[in-house]
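Q: Sequence first, then the predicted structure, then my questions.
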Number of protein chains: 2
Amino acid sequence: MTPSLEIRPVTGIGDVRPGDDLAALITTAAPWLADGDVLVVTSKIVSKAEGQLVEIPLDEPAREAAREAALRAETARVVARRGATRIVQTHHGFVLAAGGIDASNVDPTHLVLLPKDPDASARWLREELRERFSLDVAVVITDTMGRPWRLGLTDVAIGAAGVDALVDYRGLRDTYGNELQLTQMAQIDQLASAAELVKGKTAQVPVAVVRGFAVRFPREHGSGAAELIRGADADLFSLGTAEAVARGLRAAADLPDAPAFAPAGEPVRLPDLPFPTTRSVTVPPNTVAAVVVWSPAGDLRAAAEAGRRAERLRAVLAADGLATAWLEIEDPAVLVGDLPHGGVPLGVLAIGRGSLPSL
Amino acid sequence: MTPSLEIRPVTGIGDVRPGDDLAALITTAAPWLADGDVLVVTSKIVSKAEGQLVEIPLDEPAREAAREAALRAETARVVARRGATRIVQTHHGFVLAAGGIDASNVDPTHLVLLPKDPDASARWLREELRERFSLDVAVVITDTMGRPWRLGLTDVAIGAAGVDALVDYRGLRDTYGNELQLTQMAQIDQLASAAELVKGKTAQVPVAVVRGFAVRFPREHGSGAAELIRGADADLFSLGTAEAVARGLRAAADLPDAPAFAPAGEPVRLPDLPFPTTRSVTVPPNTVAAVVVWSPAGDLRAAAEAGRRAERLRAVLAADGLATAWLEIEDPAVLVGDLPHGGVPLGVLAIGRGSLPSL
């Protein structure tokens, strides 16, 4: 039978200051800590012990400016913003509001940053407990984060030692014989959430202990929480929707006139094209179709309008993963047969398979 | 002192079939269930008891077609796709891979859908336990979901009764007197994650009990898990990045020629404009600047090129939240002074404050 878990709050740790000895504070507050326990520690007290604090003036506008500077320093990349909200990816790789910088549970003259290297902090605390207190425990360092699609915050792991970030069920079979797929559980995040249930936000309960978790301690310290970071390239949501729409608009203004086409592979489905197609000109390799952008002779405004329409067509095609080359016309005479009487060719758009630009 | 939590697995429930009496199954397997417990139930067994199953052929391609049809039926909106992965918003409002449809822990001839109304299922189970077994417990129904930015899955709540979805710390003060802001914890998601730690994926442990959670039972059943659904409008990540980039490209092809401008408010910062500005023509209200799109007389290709450049400029400005109106020129003579010698005006672009299109 699967054993029960127990989640115990660790009370009485009190205020933590730079240089404080966390291992000693925790073992004093929780003399019952035992081998095999998972120690779940709020990053705030790790940051404070490590001196990850920034001084901040009490009065505006200097206060806001200092906050802004701190956020800039923590930010590797802005992921999304709306009004005063800024979701950023930190130098650690975490994506979260305000770069994890916090003004709660600290005196008003300081901001608390995340630990510099939370996995290293977790390993260090685990080592301290092992070497000085002969305790073999796993350590999870947590922060509180929001998430897309669901309201409310949850605690997740930003550092870990002695417990792997993921537990992998892939390849195992259920009782029906079905192979389980895509099932890697983020167990350290679930440990963080479980611990938060006894921590609370206003009481000083920055540490909880999960006892009875069937953790097979990994050799050394395990993967660390950094394993949970999904690279922006592998993420379907690497950018806020508004930011990505803006990127698409900018891409439309920046479509190259001479892209290379990818081999077509499967048949390409083209939308209705507002210009006549042609086979009269030499086109780049892998061209799927080519159209003539044209105007009536002598009508400059119609030519401008045709140019506008051509550029719009390129944007629509790009949205469908089709690239377009803009070909200057060397010999207009060869195209005349493709156009209405009196039509003058202005350029040729060659269409081929591309990819969404700017991704 | 904050009390400890205990998380107990409920074993021995065995296979659940349509029409099974969940309350009886659970109380038989967990005769120790007590008032004040939080019962955390995997949605899979709720779906099975409720008959939320779809028959599926064993052989391809019919199997894939049936899976496809089931997904279409569950989908309210496609949020993102890449290769075979599809992230959708279901009719419930949940955003998750494959619409929550699952082929694991069920015989190979069936797919399991999510419960039709998981909050109603939770209320119903809670009522059953109260009325037939005199047990006053809270119920959380869970599913396993992925999330952006972080690898690995976690269990979250899709239904709840007897415990509120969110616990709200806003307005409370920490021990330093700082007011806590934006701190609404998704406690039912954390209960779901905590329970998963004793459930596992292959063993038949579809239910766990959280004992000692300081839950103040809400009047009636509480908010339900539906409270956690963030509307697409309020979500900074309502669409996959690739889908949003494509939307931006389509928006670039669809910029209206006669938008209304919003009042400018703060000063508008314009980029370098590739056309000369003009004050010679009548422009729409709230216009910030107007430029003349022009070409040399008699040069149709240059006119087409000017049209293309104009449309690109509009896309870049739109990305910055600036709208553009394309004005036909009534009297070209009035613009001649704004242009180089021999230049012919083709149109005027008026620029004003707008918003990102298509959001």
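A: Sure, I can see it. Computed from a predicted model, the values in this text were never measured in an experiment.
Q: Give me the residue at the spatial middle of chain A.
A: With distances taken as Cα atoms, centre = their mean, the residue of chain A nearest its centroid is A:Ser238 (4.6 Å).
Q: wait, isn't it in contact with B:Gly240?
A: No: contact criterion Cβ atoms under 8 Å: A:Ser238 and B:Gly240 do not qualify, at 9.2 Å. For every residue, glycine as well, the C-beta is placed using N, CA and C.
Q: any low-confidence regions in the stretch 1-150 of chain A?
A: Along the stretch 1-150 of chain A, the parts satisfying pLDDT under 70 run over A:1-2.
Q: Near chain B, which residues of it are found?
A: Residues of the stretch 1-150 of chain A that fall close to chain B, judged by Cβ under 8 Å from any Cβ of the partner chain: A:1-9, A:11, A:15, A:80, A:82, A:85, A:87, A:94-95, A:103-108, A:144, A:147-150.
Q: Give me the three-state assignment for A:Ile326.
A: One thing to correct before we go on: residue A:326 is Trp, not Ile. strand (DSSP: H, G, I helix; E, B strand; the rest coil).
Q: Filter the residues of the stretch 1-150 of chain A next to chain B down to the buried ones and hand me the ChimeraX line.
A: This is how ChimeraX selects the buried members of the residues of the stretch 1-150 of chain A next to chain B, with burial counted by 16 or more other Cβ atoms under 10 Å in any protein chain shown:
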select /A:2,5,6,7,8,9,11,80,87,94,95,103,104,105,106,144,147,148,149,150
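Q: What about the residues of the stretch 1-150 of chain A next to chain B, which are in strands?
A: Here DSSP state E is the test, and those give A:5-9, A:80, A:82, A:85, A:87, A:95, A:144 as lying in strands.
Q: ok, which pair from these is furthest apart?
A: By the measure Cβ to Cβ, A:Glu6 and A:Arg82 form the most distant pair in those, at 41.3 Å.
Q: doesn't A:Arg8 make contact with A:Val205?
A: No: using Cβ under 8 Å, A:Val205 is not in contact with A:Arg8, being 10.1 Å away.
Q: which residues are common contacts for these two?
A: A:Val198 (Cβ atoms under 8 Å, 6 or more residues apart in numbering or on different chains).
Q: pLDDT at A:Ala264, what is it?
A: Per-residue pLDDT puts A:Ala264 at 77.
Q: Okay, domains of chain A per the record?
A: For chain A, automatic domain parsing gives the domain ranges A:6-247, A:255-352.
Q: Looking at the ones you listed, spot the one closest to B:Ala302.
A: Nearest to B:Ala302 among the domains of chain A is domain A:255-352 (8.3 Å), distances taken as Cβ to Cβ.
Q: hang on, A:Leu349 is in a helix, isn't it?
A: No: applying three-state DSSP, one finds A:Leu349 to be strand, outside a helix.
Q: What is the burial count for it?
A: Counted by other Cβ atoms under 10 Å in any protein chain shown, the residues lying close to A:Leu349 total 25.
Q: Distance-wise, check it relative to A:Ser280.
A: Remark: distance between A:Leu349 and A:Ser280 (Cβ to Cβ, to the nearest Å) = 14 Å.
Q: can I assume A:Ala226 sits in a helix?
A: Yes: counting by three-state DSSP, A:Ala226 is part of a helix.
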